[in-house]
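> Sequence plus predicted model, see below.
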Amino acid sequence: MKLKRSSRLVDMTEYLLRHPHQVIPLSYFSERYESAKSSISEDLTIIKENFESQEIGQLQTQAGATGGVCYMPCMGCTEAKQLLSDLQSQMTQKERLLPGGYLYMTDILGKPDYINAIGRLIASVFIDKKLDAVMTMETKGIPLAYAVASQCSVPVVVVRRSSKVTEGSTVSINYISGSSKRIQTMVLPRRSLKEHARVLIVDDFMKAGGTMKGMMNLTKEFGAEVAGMAVFVEKNDERPKLVDQYVSLLKLSILEQEDTLTIENGNVAKWLSIPVSQINE
C-alpha cells in the first residue's frame, strides 16, 4: 500500500512495537509501503531518534543482505522511578499482610497497565541477553512471566507442582523450600525446553529463594542455561538467600511486633546501571 510519509511512520512504528526483538528486513517495509529502501532508512532514523528521546526503547539496524531493523523495548530512568513509586504507594497498605510473611499482590498483578509496565522494566534489565524462554512457577507468577515474554518475543514455560496428562512425559525434581524447609516437587514437560536454551526465571515473590533455586536445578536437568533471574518483590530477611545474582524490583520488610510493613526499592537500579540516588529520589 502506498502511503504518505506521515502515515507510513505511524504504521511502521506500530508494527515495530508489536514485533519486539525480531529482525525485520528493510525489504519487507519497502514492499509493504511500495517505497524505496532509502526512504525506509530515512523513516527508521526518525523513529529511532523518537524512541530514544522518549525512552521507549532501542532501534538497532543490521547491515548486509540479510540485515534489517530490530526494536528492543526498554524503560528509561524517569518512567522506572515513577513506576516503582506508584507500586510502593499501592502496596504499603497494612491489610495486604498475609499469614506467613506473604503479601497480597493479586490485584496489582491483575491490572494490565501495571503488569505490562513491570514486564517492560524487567525486560530492560535483560535487553542485551539472548533469551529463548521465560520460566515461572504456577500460579501467581504466570501473568508476570507473560508480560516479560511479550517484551522479549519468547515463549513462557510454566513449572507445576504436579504433572498433567495433557502435557505428556515430564521431568520432576524435589527441592527444599527455603522458608519452610520442607521437601516439595516441581514438574516440567520434556517438550518445554531444548538443550542449550537460555532461560530467564521470573517469580512474583521470593522469601528465601527455594523456589528459584529449584527452577535453576530443573533447568539444568534439560541441559539449558539460566540467563538471569528476576522477582517482583523479595522479602527482606536476615537469613541469606539460596540464590544470588537476581534482580528484584521491590523489597518488603515486616515488623511483626507492630504488624507493619515497609516497601522499598530492590536492586533493580544496579542492574539497569542507574545511580541508586536517581531511583530513590
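Everything's here; your move.
> what about the strands in the stretch 1-150 of the chain?
57-62, 68-73, 97-98, 102-103, 133-137 (DSSP state E, counting those that start in this stretch).
> Which one, of these, ends up nearest to residue 190?
Smallest distance to residue 190 across these (C-beta to C-beta): 14.1 Å, for strand 133-137. C-betas here are computed from N, CA, C, even on glycine.
> what lines up beside the closest one in the sheet?
strand 156-159 (parallel), strand 198-206 (parallel) (DSSP bridges).
> Minimum distance to residue 59: which of the ones you listed has it?
strand 198-206 (22.2 Å).
> contacts for the helix or strand just after that closest one?
Counting by DSSP states H and E, the next helix or strand C-terminal to strand 198-206 is helix 210-221. Contacts with helix 210-221, where a contact means C-beta atoms under 8 Å, 6 or more residues apart in numbering, come from 135-137, 159, 171, 173, 175-179, 184, 186, 188, 193, 199, 201, 203, 206, 225-226, 229, 231, 242-243, 246.
> what pLDDT, on average, does helix 210-221 get?
Helix 210-221 carries an average pLDDT of 96.
> Same question for stretch 244-262.
Stretch 244-262 comes out at a mean pLDDT of 85.
> gap between it and the chain center?
Remark: stretch 244-262 is offset 20 Å from the chain centroid, using C-alpha atoms, centre = their mean, to the nearest Å.
> For that stretch, buried residues please.
246, 247, 248, 249, 250, 251, 252, 254, 261 (16 or more other C-beta atoms under 10 Å).
> And the pLDDT for the closest residue to residue 247 other than its chain neighbours?
Spatial nearest neighbour of residue 247, chain neighbours left out: residue 230 (4.2 Å); criterion: C-beta to C-beta, 6 or more residues apart in numbering. Predicted confidence (pLDDT) for residue 230: 98.
> Now do whichever strand or helix holds residue 230: distance to the chain's middle.
Assigning secondary structure by DSSP H and E places residue 230 in strand 225-235. Relative to its chain's centre, strand 225-235 lies at 9 Å (C-alpha atoms, centre = their mean).
> and after that strand, which helix or strand comes next?
By DSSP H and E, the next helix or strand past strand 225-235 is strand 247-255.
> And the helix or strand following that following strand, what does it pack against?
Sequence order places strand 260-265 as the next helix or strand after strand 247-255, per DSSP H and E. In terms of contacts (3 or more C-beta pairs under 8 Å, 6 or more residues apart in numbering; DSSP states H and E), strand 260-265 is packed against helix 77-91, strand 247-255, helix 276-280.
> Which residue is the nearest non-sequential neighbour of the residue nearest the centre of the chain?
In the chain, the C-alpha closest to the average C-alpha coordinate belongs to residue 148, at a distance of 3.2 Å (C-alpha atoms, centre = their mean). In this structure, residue 148 finds its nearest non-sequential neighbour in residue 119, 4.5 Å apart by C-beta to C-beta, 6+ apart.
> Check residue 24 too.
Leaving aside its chain neighbours, residue 24 sits nearest to residue 68 (4.9 Å; criterion: C-beta to C-beta, 6+ apart).
> The one you found and residue 23: what is the separation?
Residue 68 sits 5 Å away from residue 23, going by C-beta to C-beta, to the nearest Å.
> Quick check, the residue nearest to the centre of the chain in contact with residue 125.
No - the criterion here is C-beta atoms under 8 Å, and residue 148 misses it with residue 125 at 9.8 Å.
> Which neighbours do the two have in common?
residue 230.
> still on that earlier bit, since we're on the residue nearest to residue 148, how many residues are nearby?
When neighbours are counted by other C-beta atoms under 10 Å, residue 119 registers 25.
> Could you do residue 6 as well?
8.
> Same question for residue 190.
Using other C-beta under 10 Å, residue 190 is surrounded by 12 other residues.
> so what's it up against?
Here residue 190 is in contact with 168, 169, 170, 171 (C-beta under 8 Å, 6+ apart).
> where does the spatially closest residue to the second one that is not a sequence neighbour fall, phi/psi-wise?
Of all residues beyond its chain neighbours, the one nearest residue 169 is residue 190 (5.0 Å), with distances taken as C-beta to C-beta, 6+ apart. Backbone torsions for residue 190, taken as degrees, to the nearest 10, come to phi -60, psi -30.
> how close does residue 190 get to residue 83?
According to C-beta to C-beta, residue 190 stands 38 Å off from residue 83.
> Equivalent analysis for residue 69, please.
For residue 69, the distance to residue 83 - C-beta to C-beta - is 27 Å.
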